[in-house]
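>>> A predicted structure for the sequence below; I have some questions about it.
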Amino acid sequence: MKKKEIVLSGIRPTGNLHLGNYFGAVKNFVKMQDMYECYFFIADYHSLTTHPKPEDLQGKVRQVLIEYLAAGLDPEKATIYLQSDLPETTELYLFLNMNAYLGELERVTTFKEKARKQPDNVNAGLLTYPTLMAADILIHRSTYVPVGKDQEQHLEMTRTFARRFNRMYKTDYFPIPRAFNFGDDLVKIPGLDGSGKMGKSEGEGNAVFLAEDPKSIRKKVMKAVTDSGPTEKNQKKPEPIENLFTIMKVVSEPGTVEYFDDQYNNMTIRYGDMKKQLADDIIKFTEPFREKVKEIAANQEYIDKVMKMGAEKARESGRNTVNDVREIIGFKRIH
Ligand code: TYM
């Protein structure tokens, strides 16, 4: 039998999963677990760049795990693990850092943004975030990485580091991985505040969370930024309006989107009606998820079992790679 291709992706435990995380990443994870050898992890090392408190970190890790499972990840099909349960990742990170250059790391958009947002905490972990991410991906010799559009540049860096390693050691040990989405382009789900992407830390009212209670979802959607309406037939939609349509396209029936699109084009649209429909559709879409979260959260034994199983499987794969890499570099195998 042909060996299955390897898939890896992860999410930082910085809060509950929102629609952007789902449509940009988790939806693909669920589909891919039936087709590939998959590793999905919780990026707790990465979350240290913003200095979380130990007690918060644990709760958030647990929450992401519960939400992974509630969204449909199956520990019998995919390896679901915590990044820090695979400390071999940090050794690979160190090796990769030896061939990652200051100039290229400083040019990364997310680094520049974070440095602007948290000027008092521009730590080395932030700068080398892309090398840690490359280590995550390369430690299982993955080829497909399902992520949203915002991670595209990080994936380019991983490709660069993998190629550089192969060239330097005259090997083809690392496959060159690529960002993946079913369909074609990577997804970017916008926020409700009129511009940019949906994000966990973009401020109140921007993100809708999968586990959020219906009342709160309705309130946020009804408050979403709009404008005073089209002034000409078939006018191009301004960003805040386009954003509402983008969200509607992923949660609502195509007929619903078409209905409001026609109304926009013939200038009869009432944004209040559109938002009401959008809120209903988001609530309906996320309902089964909320039920599942409750069910899984009540079963601590199962949660512990999933973490343990994932850690064992991830380490088996990770140890092999790090041993091989040590040997290629000229060290002894020790793991
Ligand atoms: P994180 O935790 O910021 O986001 C997790 C995943 O959700 C996607 N995403 C979005 N997709 C579409 N629209 C949005 N508005 C949106 N917001 C978030 C992200 O693209 C991502 O796929 N660096 C990563 C975690 C990570 C990782 C890795 C990912 C660490 N190592 C190795 C892949 C492979 C991050 O911070 O994701």
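Here it is on my side, so go on.
>>> burial of whichever residue of the stretch 101-250 of the chain sits closest to the ligand, as a residue count?
Nearest to the ligand in the stretch 101-250 of the chain, going by Cβ to the nearest ligand atom, is Gly148, at a distance of 2.2 Å. To be clear about C-beta, it is placed using only N, CA and C from the backbone, and glycine gets the same treatment. Counted by other Cβ atoms under 10 Å, the residues lying close to Gly148 total 22.
>>> look up how far Tyr271 lies from it.
According to Cβ to Cβ, to the nearest Å, Gly148 stands 26 Å off from Tyr271.
>>> wait, what's in contact with Leu19?
Leu19 makes contact with 189, 198, 207-210, 247, 250-251, 282 under the criterion Cβ atoms under 8 Å, 6 or more residues apart in numbering.
>>> 6 Å instead?
Neighbouring residues of Leu19 by Cβ atoms under 6 Å, 6 or more residues apart in numbering: 189, 208.
>>> can stretch 92-102 be found next to the ligand?
No - using Cβ under 6 Å from any ligand atom, stretch 92-102 never reaches the ligand; the gap is at least 10.6 Å.
>>> give me the buried positions along that stretch.
Buried residues in stretch 92-102, counted by 16 or more other Cβ atoms under 10 Å: 92-93, 95-97, 100.
>>> do the same with stretch 159-173
Neighbour counts over stretch 159-173 (16+ other Cβ under 10 Å) mark 159-162, 165-166, 173 as buried.
>>> identify the farthest-apart pair in those.
Spanning the widest gap among the buried residues of stretch 159-173 are Thr160 and Tyr173, at 15.6 Å by Cβ to Cβ.
>>> mind putting the buried residues of stretch 159-173 in JSON lines, distance to Ile6 included?
Output for the buried residues of stretch 159-173, formatted as JSON lines (distance: Cβ to Cβ, whole Å):
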{"residue": "Arg159", "distance to Ile6": "15"}
{"residue": "Thr160", "distance to Ile6": "19"}
{"residue": "Phe161", "distance to Ile6": "17"}
{"residue": "Ala162", "distance to Ile6": "13"}
{"residue": "Phe165", "distance to Ile6": "17"}
{"residue": "Asn166", "distance to Ile6": "17"}
{"residue": "Tyr173", "distance to Ile6": "14"}
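>>> format those as a markdown table; extra columns: pLDDT.
Shown next, in a markdown table, are the buried residues of stretch 159-173 (pLDDT from 0 to 100):
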| residue | pLDDT |
| --- | --- |
| Arg159 | 98 |
| Thr160 | 98 |
| Phe161 | 98 |
| Ala162 | 98 |
| Phe165 | 98 |
| Asn166 | 98 |
| Tyr173 | 98 |
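>>> reformat these as CSV; add secondary structure and distance to the ligand.
Converted to CSV, the buried residues of stretch 159-173 look like this (DSSP: H, G, I helix; E, B strand; the rest coil; distance: Cβ to the nearest ligand atom, whole Å):
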residue, secondary structure, distance to the ligand
Arg159, helix, 12
Thr160, helix, 15
Phe161, helix, 12
Ala162, helix, 13
Phe165, helix, 17
Asn166, helix, 19
Tyr173, coil, 19
